[in-house]
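Participant: Okay, predicted coordinates and the sequence, questions at the end:
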2 protein chains.
Amino acid sequence: MDGIHLLGEWYGCPADTPAFTQAAPLRELCVNAARKAGLTVVGECFFQFEPQGVTGTVLLAESHIAIHTWPESSFVTVDVYVCNVTTDNTAKAEQVFREIEAALRPQRTHFQAIHRGAQHG
Amino acid sequence: MDGIHLLGEWYGCPADTPAFTQAAPLRELCVNAARKAGLTVVGECFFQFEPQGVTGTVLLAESHIAIHTWPESSFVTVDVYVCNVTTDNTAKAEQVFREIEAALRPQRTHFQAIHRGAQHG
């Protein structure tokens, strides 16, 4: 099952972004980004840390989005993983990734794209 | 935020394992493996595909587990990602990964471990 997994580490995210510190706006950001890109949301789960910080995932028919925010360190990690069962979803995954990144506005990023499945299948 | 992300692709998983095809036993397997390893479950979400196949995540205080099964291809992908905020959780992540792998019994595997965060922080 060929797929692409985008991994980001984002540094220097400003603290005044609601989606960076609170579960409800981060959920909305991720779910909307997925739908806007044409991916199919089949579930989601977001957990609010106190006093701030969020861990969350959006389940997709195509695989998943996972995101963890650490406002005390101005840091975020994000995963967008899609499989290409009937069509190549790589562009959709990149669109989701870039939309969440644009909302959280990191000053510095580290990015990897990993191909999964097909080349070893 | 230093962390370790374990990524697996598992081929040739036998079809007669309930956790391979059905959401409820896969949820139980993943949640129990996390708790047994001493990780802290803060949420979970599993989706059943029809007639078979599951996509699911377990949210951890330490980050997440994500798993996708494709019984029609005898294939699974799994992610176990933990951050090391106050202690090194690498051994716990490996324990969870190996326990799920042992339950799903792939004939062939592809494995990667990715360090995230610290070296770029």
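Facilitator: Yes, it's here.
Participant: Run through chain A and note the low-pLDDT ranges.
Facilitator: Confidence mapping of chain A against pLDDT under 70 gives the ranges A:119-121.
Participant: ok, now which ones touch residue A:26?
Facilitator: By Cβ atoms under 8 Å, 6 or more residues apart in numbering or on different chains, the residues touching residue A:26 are A:19, A:20, A:46, A:54, A:56, A:67, A:69. Every residue, glycine included, has its C-beta placed from N, CA and C.
Participant: What is the most widely separated pair among the residues you listed?
Facilitator: A:20 and A:46 (13.0 Å; Cβ to Cβ).
Participant: Run through the residues that contact residue A:44.
Facilitator: A:27, A:30, A:31, A:56, A:57, A:58, A:59, B:45.
Participant: Name the nearest residue to the last one, ignoring sequence neighbours.
Facilitator: When the adjacent residues along the chain are set aside, residue B:45 lies closest to residue A:45, with 4.0 Å between them (Cβ to Cβ, 6 or more residues apart in numbering or on different chains).
Participant: And the one you found, how far from residue B:98?
Facilitator: Going from residue A:45 to residue B:98 by Cβ to Cβ, to the nearest Å gives 24 Å.
Participant: again, but for residue A:47
Facilitator: Taken as Cβ to Cβ, the span from residue A:47 to residue B:98 is 25 Å.
Participant: Near chain B, which residues of chain A are found?
Facilitator: Residues of chain A that fall close to chain B, judged by Cβ under 8 Å from any Cβ of the partner chain: A:1, A:3, A:5, A:7, A:9, A:11, A:42-47, A:49, A:55-57, A:59-61, A:63-64, A:66, A:68, A:70, A:73, A:75, A:77, A:79, A:81, A:83, A:110, A:112, A:114, A:116-117, A:120-121.
Participant: From the residues you listed, which land in helices?
Facilitator: With helices taken from DSSP state H, there is no overlap with the residues of chain A next to chain B.
Participant: can you tell me which residues contact residue A:58?
Facilitator: Residue A:58 touches A:27, A:30, A:31, A:34, A:41, A:43, A:44, A:64, A:65, counting by Cβ under 8 Å, 6+ apart.
Participant: Over to the residue nearest to residue A:21 when sequence neighbours are not counted. Which of the three states is it?
Facilitator: Spatial nearest neighbour of residue A:21, excluding adjacent residues (Cβ to Cβ, 6+ apart): residue A:52 at 4.3 Å. Secondary structure for residue A:52, judged by DSSP: H, G, I helix; E, B strand; the rest coil, is coil.
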